[in-house]
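Asker: give me the fold of what follows.
(2 chains)
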Amino acid sequence: MTLILCHAAKGGVGTTFVAAQLALSIAQRGGQVTAVDFTYQDALKLHFGLLPNQFAPGFAASQSEPLAISDVNLINGFAEKDTEEFLERVRAAGLPVHAGDIVVADVAAADRGLAELLYERADLHLAPLLPDPAALASLTRLAGDTPISSREKTALVLNQLDDRRKLSRHSHHFVRELFEDQLIGTVRRDEAAPEALAMFEQLAKYAPSSVVLPDIEDLTDAVLSRCGIVLAQDQSDMREAG
Amino acid sequence: MRSDARALLQKLNQQGFQYQQFPDPYADLELWPVFEALLHDERVVGQQLSRVQQREHEFQAVKEQAAARPKPVQTPDEHPLEEQFSALLATYAPGQDPPVVNPDTDEAEQTGHKVDLRTFLKELGGARK
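Answerer: Next up is the predicted model:
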């Protein structure tokens, strides 16, 4: 199992959005992906086109009745995440999913306990960030007293970039200069993203030419590379290119 | 042309448009106070060391590495140092008990320093009296 932990120090920076788009992108390349929503909001499913009154199964129920959308196995882990049985299972053997899965876990900003637990097991910690002062200031809270720069598993994604805004441009330059390779991706702001949610459609279907999609592709490349994963489709692309 | 720009042109059924990249030169980058606060926060980038502090840390690391290395073996196991000294001193003071060098109480031995020549000669002179 490869675990990609999506957790930011501040809510509302697009953690769920990044987790969903990353899961869809990896699945599209042929990866066996499970996306787990550990948040109370239960919003991950909306990015897959589900309605608010449609629910993904928990870990236990997904064994017998899995829900796969666009080849992503969806699990809602909120109800189980604080149970002693679940915590012991994670400590001992990781998340209860198929061994070969690439798991994208969406953890709420305030749920630091679960984030730290999963960080120990994670191959990569993806921390989305907005180019605004509140989100930047939250970097000081991302890893407790440990400097972000010394957390080898932590990588940043600057979300909702808008080059027309001065502070957004400056924040991008600043974060790039400060964290260098630790900033592994940027995603441009596009109104099509919330519009797709409002339509209960996946972004790629609602707005196939959205600027977000190539950015997510680049981010997926970087994430897979950091995790040392080469998918079958990427291998065939490389063969064709060679 | 960027792929998203090309896609937009197709969507708008246009051949071209005025395009601005917004490349901010770094000279134009304002040091917003929030940036400055982050630069000086140890939780973000760790402890910022001055050059002198950095050299001190490097020196300390080298010292610690050296201390962590196992002590060089000064004598073969079959002839411990204390036996060699005792045997040597015995030749100068027949009839007297030769001074015994005990590594458990000998400060120089405990600190890993070699027994220096001056100490050795002093003991040698005392034994001859």
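
Asker: tell me the contacts of A:Glu195?
Answerer: Residues near A:Glu195 by CB atoms under 8 Å, 6 or more residues apart in numbering or on different chains: A:Tyr206, A:Ala207. Backbone N, C-alpha and C define where each C-beta goes, glycine included.

Asker: ok, now with 7 Å
Answerer: A:Tyr206 (CB atoms under 7 Å, 6 or more residues apart in numbering or on different chains).

Asker: helix or strand: which one has it?
Answerer: A:Glu195 is part of helix A:192-198, with elements assigned from DSSP states H and E.

Asker: I would like the residues contacting the longest strand belonging to chain A, please.
Answerer: The residue-count maximum for a strand in chain A (DSSP state E) belongs to strand A:154-161. Under the contact criterion CB under 7 Å, 6+ apart, strand A:154-161 has outside partners A:13-14, A:18, A:124-131, A:143, A:148, A:168, A:172, A:175, A:179, A:182-189, A:219, A:226.

Asker: now the buried members of these.
Answerer: For these, a burial check counting by 16 or more other CB atoms under 10 Å in any protein chain shown picks out A:13-14, A:18, A:124-131, A:143, A:148, A:168, A:172, A:175, A:179, A:182-189, A:219, A:226.

Asker: show only the entries of these found in helices.
Answerer: Those of these mapping onto helices are A:Val18, A:Ser168, A:His172, A:Val175, A:Phe179, A:Leu219, A:Arg226, per DSSP state H.

Asker: mind putting these in JSON lines, distance to chain B and pLDDT included?
Answerer: Output for these, formatted as JSON lines (distance: CB to the nearest CB, whole Å; pLDDT from 0 to 100):
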{"residue": "A:Val18", "distance to chain B": "18", "pLDDT": "98"}
{"residue": "A:Ser168", "distance to chain B": "10", "pLDDT": "94"}
{"residue": "A:His172", "distance to chain B": "8", "pLDDT": "94"}
{"residue": "A:Val175", "distance to chain B": "9", "pLDDT": "94"}
{"residue": "A:Phe179", "distance to chain B": "8", "pLDDT": "93"}
{"residue": "A:Leu219", "distance to chain B": "15", "pLDDT": "98"}
{"residue": "A:Arg226", "distance to chain B": "20", "pLDDT": "96"}
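
Asker: any idea which helix or strand carries A:Leu118?
Answerer: Taking DSSP H and E as the definition, A:Leu118 sits inside helix A:112-121.

Asker: quick one: that helix to strand A:154-161, angle?
Answerer: 120 degrees (axes from the mean of the first three to the mean of the last three CA atoms, to 10 degrees).

Asker: near chain B, which residues of chain A?
Answerer: Residues of chain A lying close to chain B by CB under 7 Å from any CB of the partner chain are A:133, A:136-137, A:139-140, A:145, A:147-150, A:163-164, A:169-170, A:173-174, A:178, A:209, A:211, A:214.
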